[in-house]
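Enquirer: Mind looking at a prediction? Sequence and model below.
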Amino acid sequence: MVQLRLFLGLALAVVCATAQGGGVTARMEFACLWWSEAQMNGLNPNAPPPKATEVRIKQWEYTDPVGVPHPDVVDAVLLLSGTGANGLTGLEVEFTAQWKIGRYGKPRTAVWGAVKPMRIVAAAGEVRLPVDLKMMMDTLEKQDRWPFALRVSAVVKRRGATVPLAQVRGELPIRQGD
């Protein structure tokens, strides 16, 4: 597993997507650490235990301080599988990320910002891109703005090639609480 720290400022939302080509299949999901069902039973939100259970999420929302995941950091998880002689060897993954930012409390004002490129080489079938949502939220909140969605895209190529083997994109909606 290869990890790359990414701070783009805001939150991440996911629409799970799958793509394939050239013997490589790519799938994007969003994951975070949260409390297990056993930990949530009787949990005091003012003195919570550490979050130690990985969960997959389709959106970030603050509607319930315990039962609905709203993590500080979300991982964009790229899952790769390959067939053929080359399999997953020599792959390069190019990640890009965008934030959909608008005025705080006004989702209709949100627009997609600039694409921020990152590059890493996939060493295995899973590549994670951690995104610090809290840092982005805190930064934007000072400007009376909010990240309403995060979009992460990945293009998978053989190292040195120009033709993609697979392309996939995930979007994570970010919902404000009441």
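Expert: Right, received. Where do you want to start? Residues are numbered from 1 along each chain as shown.

Enquirer: what mean pLDDT does the helix or strand harbouring residue 157 have?
Expert: Element membership of residue 157, judged by DSSP states H and E, is strand 145-158. Averaging pLDDT along strand 145-158 yields 95.

Enquirer: what lines up beside it in the sheet?
Expert: Note on strand 145-158: by DSSP bridges, its sheet partners are strand 91-103 (antiparallel), strand 166-175 (antiparallel).

Enquirer: closest to residue 156 out of those?
Expert: strand 166-175 (4.4 Å; CB to CB). For the C-beta atoms, the positions are set from N, CA and C on the backbone; glycine is no exception.

Enquirer: For that closest one, buried residues please.
Expert: 166-175 (16 or more other CB atoms under 10 Å).

Enquirer: Can you get me a residue count around residue 118?
Expert: The tally of other residues near residue 118 (other CB atoms under 10 Å) stands at 16.

Enquirer: tell me the SS of it?
Expert: Recorded secondary structure, residue 118: strand (DSSP: H, G, I helix; E, B strand; the rest coil).

Enquirer: That one - nearest residue in space that isn't next to it in sequence?
Expert: Among residues not flanking residue 118 along the chain, residue 95 sits closest, at 4.5 Å (CB to CB, 6 or more residues apart in numbering).
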